[in-house]
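A.B. asks: A predicted structure for the sequence below; I have some questions about it.
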Amino acid sequence: MTTGLKSNPLEGNSFVYIRHLDDGEIRRLLPPDALDEVADPDDLFVVASADGQRLAIVEGRAAAFAAALAHDLNPLSVH
């Protein structure tokens, strides 16, 4: 079967990973006062590149996906 694809859609840097941050990880990554304005610190997600570089920390899973899509990136959930 031929799909008509001219290149591998998984190549390149267009994919990012969305992952929930646990409490210990949050405390290692952020200074204590960084959470002062966060409504729900238990609802923080990291957006990371394919090589694991943290691109953003976002409050809410839906917001993390929306941020990725707004930057023309393809988000994938990591558990």
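C.D. replies: That came in fine, so what should we check first?
A.B. asks: what's the neighbour count on the residue nearest to S77 when sequence neighbours are not counted?
C.D. replies: Nearest non-adjacent residue to S77, counting by C-beta to C-beta, 6 or more residues apart in numbering: I18, 5.3 Å away. To be clear about C-beta, it is placed using only N, CA and C from the backbone, and glycine gets the same treatment. Using other C-beta atoms under 10 Å, I18 has 20 other residues around it.
A.B. asks: okay, and I18 sits in which element?
C.D. replies: According to DSSP states H and E, I18 maps onto strand 15-20.
A.B. asks: tell me which residues in that strand are buried?
C.D. replies: By neighbour count with 16 or more other C-beta atoms under 10 Å, strand 15-20 contains the buried residues 16-19.
A.B. asks: element containing the spatially most central residue of the chain, please.
C.D. replies: Residue closest to the average C-alpha location in the chain (C-alpha atoms, centre = their mean): V47, at 1.7 Å. V47 belongs to strand 44-49 when assigned by DSSP H and E.
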